[in-house]
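>>> dropping the sequence and predicted coords here.
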Amino acid sequence: MQRHVSPVARLRAVLDELAERVEEVSFELPSTDRDRRIELRDDLTLSIRTYLIPRLADLDGDVVAVVVGATGSGKSTIVNTLAGRNITETGAVRPTTTAPVVWCHAENADEYREGPFAAVSPRVVTGHEGLLRGATIVDAPDFDSVVTEHREIAERLLEIADLCVFVTSAQRYADAVPWEFLKRAHQRGVPTVFVINRLPAGGEGVVGDFKRHLRERAVAHREVVEIEEQAVVDGQLPASTVEPVKSLLEQLSDPVRRHEVLIDATRGSIEDVVVRSEQLADETRHDMNEADALADIAFDMYADQYRQVVRSLEDGTLIRAEVAARWQKFLGTGRFLTALSERLGSFGRSLSGKPKQIDADARRAFALELRRHLDAAAARAASAWELDPAGKTLIANSLLWRSSPDLDDRLDTMLDEWIIDIGTLVTEQGQDRKRKAQLSSLGVNAAAVVAMVVIFAQTGGLTGGELGVAAGAAALQQKLLEQVFGTAVVRSMVTTARTSLEQRMHDVFDAESARFTGKVRGLAARLDPRLDEAARAVGAAAEVFYGR
């Protein structure tokens, strides 16, 4: 049997889901925008968890009216005048309000000492005034205070306000900071009462200019309360000066009017939450893109060095001088070619002695070349990262400027495994009777060493005197193998062995590159598609609840 879920319950449920998705977003990449992105995520969580979900559970409760203003605007004096007693400090020393003051009905005092208000450590003042039968008045610290904590408290209070009483003065209304603060109130969609305090006689021009500012910023307003400049006696103005504000607040004792304000406040806040959720998703994408860009730079540096190694291997220029010289010294003159068929056995036996050094020297030279290219890739990737704020932070005091400390051991292991691959190929190709006899004379290990040197001492790209040295070595190597396996099989073996080597080299370059790419991509935010889905669900549920 399908159970009916009320629209408000559905809205609260999808808001809770959205909050979970928002809380899961993590910005670890040390980019210049990291703090701003974290602030967006945390503020969004605050709006949902601290304001919307609790408020939607209590749409008939008292309206929380937060009185905000710049330093010296006179907001605390206005609050005292509304109360008819001094519940908050006033004076010439700025800022005067150093902690929020909550003026509420005595029956509601406990809820303002706990819950969302506990985080801002308010001073709670209670009373039984009729105005408090539908509203709680909060005097916030100045939002332009020189004390950072005061500004942060004012901003936090704005996020949990049902109604904002925005106080400015004839002298300060055009300042930039109040309008920045007001911009956030407008974005949040919180109903706002505007008060211009300390108007000089004939201040119609000030009021008109203030309203012009509101229109230009598309800030909706029904009226602007005007309070003329006059003497403050014992921290208060004449009661009549704040009567328009008091009247608006007293209307909240009517449950219908109070409900209307809370509906407007939550509707505006939900619209803002949906928009900011989309912004958070965009910021997550930007974070991912920044990480990917850094990773791509590092990847490209390693890919370029890998291509250079492969190119040098293909044209015989990687370690050809060392290999060719040692091979020629070992093989001696061309008379060896003449007696090749009779000397396979003795050649194989000789490789078990001193000439095995050829194998070690060739591998050592090859490993040194690989390390040179890998070190170059690390240095170039780190240099490129140093030009990016996030990259610069990541490489600071790191080992990324050079290859891994265990690289030499891994290169030795890689080449050992590759030689085993070649030995396996030789064994597989030497299974037929004739080849088996020839291979037995030469020896599997000897054949593997010969195949290795064939790959290391190609003649492509050589010129001049060097051609004679390498060409002779390469030709003799080729003949040795062809004597056993035949031309077609040797070509296939060499191709397979080269492919195996290139893949093993590729794995090493990938592992070294991953020190960069893995590090940065591991820090990047990951966009969970459920964040977008949850934001859309909130928008849809809000349309049902608010009847749009």
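That came in fine, so what should we check first?
>>> could you count how many residues lie near residue 397?
Close neighbours of residue 397, defined as other C-beta atoms under 10 Å, add up to 6. All C-beta atoms are positioned from the backbone trio N, CA, C, and that covers glycine.
>>> am I right that it sits in a helix?
No: the assignment for residue 397 (DSSP: H, G, I helix; E, B strand; the rest coil) gives coil, which keeps it out of a helix.
>>> in the stretch 401-548 of the chain, which spans are strands?
Listed from the start of the chain, the stretch 401-548 of the chain has no strands (DSSP state E, counting those that start in this stretch) to report.
>>> which residues of it score low on pLDDT?
Per-residue confidence of the stretch 401-548 of the chain (counting by pLDDT under 70) places the weak regions at 426-487, 489-490, 548.
>>> ranges for the helices of it?
Counting by DSSP state H, counting those that start in this stretch, the stretch 401-548 of the chain has these helices, from start to end: 407-429, 433-442, 444-456, 465-485, 487-523, 529-545.
>>> check the stretch 1-150 of the chain too.
Counting by DSSP H, counting those that start in this stretch, the stretch 1-150 of the chain has these helices, from start to end: 7-23, 34-45, 53-56, 75-83, 109-113, 115-118, 148-159.
>>> report the separation between residue 521 and residue 198.
Look at residue 521 and residue 198: by C-beta to C-beta, to the nearest Å, they are 56 Å apart.
>>> same drill for the two, tell me which one is more crowded.
When neighbours are counted by other C-beta under 10 Å, residue 198 comes out ahead of the other of residue 521 and residue 198, with 20 against 16.
>>> what angle sits between the one helix or strand the more buried one maps to and helix 75-83?
According to DSSP states H and E, residue 198 maps onto strand 192-199. For the pair strand 192-199 and helix 75-83, the angle between their directions (axes from the mean of the first three to the mean of the last three C-alpha atoms, to 10 degrees) equals 100 degrees.
>>> which residues are in contact with strand 192-199?
In this structure, residues lying in contact with strand 192-199 by C-beta atoms under 8 Å, 6 or more residues apart in numbering are 73-75, 78, 163-171, 173, 182, 185-186, 203, 206-207, 210, 214, 219, 221, 223-229, 245, 248.
>>> from the chain's centroid, how far away is it?
Going by C-alpha atoms, centre = their mean, to the nearest Å, the spacing between the C-alpha centre of strand 192-199 and its chain's C-alpha centre is 42 Å.
>>> sorry, back to before: list only buried entries from the contacts of strand 192-199.
Among those, those classed as buried by neighbour count (16 or more other C-beta atoms under 10 Å) are 73-75, 78, 163-171, 173, 182, 185-186, 203, 206-207, 210, 214, 219, 224-227, 245, 248.
>>> of those, which belong to helices?
Using DSSP state H to define helices, the subset of these located there is 75, 78, 182, 185, 186, 206, 207, 210, 214, 245, 248.
>>> need these in TSV with distance to residue 494 and pLDDT, can you?
Supplementary listing: these in TSV, determined by distance: C-beta to C-beta, whole Å; pLDDT from 0 to 100:
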residue	distance to residue 494	pLDDT
75	86	91
78	91	95
182	76	87
185	75	89
186	74	89
206	90	90
207	91	90
210	85	90
214	81	89
245	92	95
248	91	93
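>>> and of these, the nearest to residue 147?
Distance ranking of those against residue 147, using C-beta to C-beta, places residue 75 first at 16.3 Å.
>>> pLDDT weak spots in the stretch 1-150 of the chain?
Across the stretch 1-150 of the chain, the stretches falling below the confidence threshold (pLDDT under 70) are 1-4, 90-97.
>>> quick one on the thing from earlier: and which of the ones in helices among the buried ones among the contacts of strand 192-199 is nearest residue 315?
residue 186 (67.7 Å).
>>> grab the nearest non-local neighbour of that closest one.
Closest residue to residue 186 in three dimensions, ignoring its sequence neighbours and counting by C-beta to C-beta, 6 or more residues apart in numbering: residue 219, at 5.1 Å.
>>> how about that neighbour, what does it touch?
With contacts defined as C-beta under 8 Å, 6+ apart, the neighbours of residue 219 are 182, 186, 192.
>>> do the same with residue 296
Applying C-beta under 8 Å, 6+ apart, one finds that residue 296 lies in contact with no residue.
>>> and for residue 159?
By C-beta under 8 Å, 6+ apart, the residues touching residue 159 are 43, 46, 47, 50, 51, 188.
>>> so what's the fourth one closest to, chain neighbours aside?
Closest residue to residue 50 in three dimensions, ignoring its sequence neighbours and counting by C-beta to C-beta, 6+ apart: residue 116, at 4.3 Å.
>>> pretty sure that neighbour contacts residue 51?
Yes: the pair residue 116 and residue 51 qualifies as a contact (C-beta atoms under 8 Å) at a distance of 7.3 Å.
>>> residues shared between the contacts of the two?
Shared between the contact lists of residue 116 and residue 51 (criterion: C-beta under 8 Å, 6+ apart) are residues residue 160.
>>> so which of these two has more stuff around it?
The neighbour comparison of residue 116 against residue 51 (other C-beta under 10 Å) goes to residue 51, with 22 against 19.
>>> what separation do you get for that one and residue 9?
Spatial separation of residue 51 from residue 9 under the definition C-beta to C-beta is 18 Å.
>>> cool, residue 227 as well?
For residue 227, the distance to residue 9 under the criterion C-beta to C-beta works out to 43 Å.
>>> for the chain, longest helix please?
Under DSSP H, the helix in the chain containing the largest number of residues is helix 255-314.
>>> between it and helix 7-23, how many degrees?
Helix 255-314 and helix 7-23 meet at an angle of 30 degrees, taking the same axes, to 10 degrees as the criterion.
>>> would you map out the domains in the chain?
Domains of the chain are assigned by automatic domain parsing as 7-283, 289-529.
>>> right, so of those domains, which gets closest to residue 546?
Taking C-beta to C-beta as the measure, these were each checked against residue 546, and domain 7-283 came out nearest at 5.3 Å.
>>> quick one on the thing from earlier: and the contacts of residue 159, which is closest to residue 146?
Taking the contacts of residue 159 together and measuring to residue 146 by C-beta to C-beta, the closest member is residue 43, at 22.4 Å.
>>> any idea how far that closest one lies from residue 49?
If you go by C-beta to C-beta, the gap between residue 43 and residue 49 works out to 11 Å.
>>> now do residue 74
As for residue 74, its distance to residue 49 is 34 Å (criterion: C-beta to C-beta).
>>> one more: residue 192?
Residue 192 sits 23 Å away from residue 49, going by C-beta to C-beta.
>>> repeat for residue 8
In this structure, residue 8 lies at 17 Å from residue 49, with C-beta to C-beta as the measure.
>>> residue 245 too?
Here residue 245 is placed at a distance of 31 Å from residue 49 (C-beta to C-beta).
>>> got it, and residue 181?
Summarising the geometry, the distance separating residue 181 from residue 49, computed by C-beta to C-beta, is 22 Å.
>>> just want to know which of those two has more residues nearby.
Per other C-beta under 10 Å, whichever of residue 181 and residue 49 has more neighbours is residue 181, with 21 against 16.
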